[in-house]
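Trainee: quick one, structure for this:
(one chain, ligands or ions: 1)
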Amino acid sequence: MSKLTGSKKATQFTESVIREMTRLNEKYGGVNLSQGFPDFPAPAAIKTAACAAITDDVNQYAVTWGARPLREAVAREFTRRYGLRVVADEQVTVCCGTTEAMMSTMMAVVDPGDEVVVFEPFYENYGPDAILSGATPRYVTLHEPDWTFDPDELAAAFNDRTKAIIINTPNNPTGKVFTREELETIAALCRKWDAIAISDEIYEHIIYDGRQHVPIATIDGMADRTVTLNGLSKTFSVTGWRVGWTISPPSLTGAIRKVHDFLTVGAPAPLQEAGAVALGLPDDYYRTLAANYQQRRDALVDILERHHFTCYKPYGAYYIMTDIGVFGFADDVEFARYLVKDVGVAAVPGSSFYKTPGAGKTKLRFCFCKKDETLAEADRRMQKLVPAGVTLH
Ligand SMILES: Cc1ncc(COP(=O)(O)O)c(C=O)c1O
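Mentor: Numbering: from 1, shown residues only. Below is the predicted model of the structure:
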């Protein structure tokens, strides 16, 4: 057999459906409510800081685990917000986005055959992350409509092969914000089975209706067994900058830094300087960010409900999971293709957030990190949509 083929690992997952929807959207000239990136400007202060860093010739490799001002800002802000001491030199590693932070962490902590617990539906990267790091994923369902998990189902997924659990709160795609009680249940299992919590908190500041973000690292006994992931992408509307980080217990930092170094050497140096400025913005910045997104959430829920979707209202992040059963299509992929090609709106098929065959087939995820006029244009285009069996006059 020819050796001119991809590796076994690379054949175990498909290309990203989310990024594919963006490409289809460009092809058909649609309104892109699929991939989660804002279509409005980033804060002026941080753009100015990035330009200044380049002008000042911050153009060479930063230290591999991250420029000191950014690492110190990450440590300072986590401690200030959550009262947990973080030592920049021992615990913070700057990566090329939270995406690389997750991959470096998985490769650093997981051996082939180790099990990793993943809540389903999940952000689609976690599937390939598990395959590439050799982990065996164990899926635990988040049950709609409020996306809670059954503590017994979760307990049954842990055993002495469990190396880690991946948590994402606020959650993509569901908009769920894990409660302290839920995190305590997870933490108890991590302590019982000596497992690591890998917590993707990239939507930390995008949270609604008075809900509170609780980092699992702050739960009793978890600081020593949690890797917290975050980044600039969502909080500062700079998904193309590719700056993220890990906050890890000192016992895991060395392994993460080694993997990170050989994967990417480092994140963009001038943008790390700008990141340190971003993290110094006043609290009002974060309040306005959340308030503006809450308005957009309400606007898109209203639009989607008027166009016959059933919405699962999100309490954090900037996505809405919907049910599309009423439209009578064979599955979510067929409906998503129709929506982008014939209606002119791109969204993500629900099945791309599930591993269980058949799951997500009546779901579609929309994002609302978009200007009012973008959402209004989607509204206009979706007037074409009718439930199955109804004809327009
Ligand atoms: C849950 C989650 N984690 C990570 C990422 C990617 O983050 P980054 O741009 O920092 O790589 C996304 C982007 O959509 C996401 O939704």
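Trainee: okay, CA-based contacts and neighbour counts for the rest of this
Mentor: Noted.
Trainee: what's the strand or helix carrying residue 25 packed up against?
Mentor: In this assignment (DSSP states H and E), residue 25 forms part of helix 17-28. Packing partners of helix 17-28 (3 or more C-alpha pairs under 8 Å, 6 or more residues apart in numbering; DSSP states H and E): strand 31-32, strand 345-346, strand 348-349.
Trainee: the closest residue to residue 368 other than its chain neighbours and residue 304, how far apart?
Mentor: Leaving aside its sequence neighbours, residue 368 sits nearest to residue 318 (C-alpha to C-alpha, 6 or more residues apart in numbering; 5.7 Å). According to C-alpha to C-alpha, to the nearest Å, residue 318 stands 14 Å off from residue 304.
Trainee: just residue 141 next, same as before
Mentor: Residue 141 is 25 Å from residue 304, by C-alpha to C-alpha.
Trainee: before we move on, back to that, only the buried residues of the helix holding residue 25, if you could.
Mentor: 17-18, 21-22, 24-25 (16 or more other C-alpha atoms under 10 Å).
Trainee: if we take these, which one ends up nearest to residue 8?
Mentor: residue 17 (20.0 Å; C-alpha to C-alpha).
Trainee: three-state assignment of the closest residue to the closest one other than its chain neighbours?
Mentor: The shortest distance from residue 17 to any non-neighbouring residue, by C-alpha to C-alpha, 6+ apart, is to residue 352 (6.5 Å). Look at residue 352: counting by DSSP: H, G, I helix; E, B strand; the rest coil, its state is helix.
Trainee: and the helices in the stretch 51-200 of the chain?
Mentor: Per DSSP state H, counting those that start in this stretch, the stretch 51-200 of the chain has helices spanning 68-82, 88-91, 97-109, 126-133, 151-157, 180-193. These are given in chain order.
Trainee: with the stretch 251-393 of the chain instead?
Mentor: According to DSSP H, counting those that start in this stretch, the helices that the stretch 251-393 of the chain contains are 269-278, 283-306, 332-338, 372-381.
Trainee: which other residues reach the third one?
Mentor: Spelled out, it's helix 332-338. Contact with helix 332-338 is made by 324, 329, 346-351, 360-364, as judged by C-alpha atoms under 8 Å, 6 or more residues apart in numbering.
Trainee: the stretch 151-300 of the chain against the ligand: which residues are in contact?
Mentor: Selection of the stretch 151-300 of the chain residues close to the ligand by C-alpha under 6 Å from any ligand atom yields 168, 172, 200, 202, 231, 233, 239, 242, 244.
Trainee: so the residue nearest to the first one when sequence neighbours are not counted bridges to which residues?
Mentor: Pointing back at residue 168 there. In this structure, residue 168 finds its nearest non-sequential neighbour in residue 200, 4.7 Å apart by C-alpha to C-alpha, 6+ apart. Residue 200 has these beta-bridge partners by DSSP bridges: residue 168, residue 229.
Trainee: let me know the pLDDT of residue 200.
Mentor: If you check residue 200, the pLDDT there is 98.
Trainee: let me see the contact set for it.
Mentor: Counting by C-alpha under 8 Å, 6+ apart, residue 200 has contacts 98, 102, 166-169, 228-230.
Trainee: looking at these, spot the one nearest residue 1.
Mentor: Nearest member of the contacts of residue 200 to residue 1, counting by C-alpha to C-alpha, is residue 102, at 34.5 Å.
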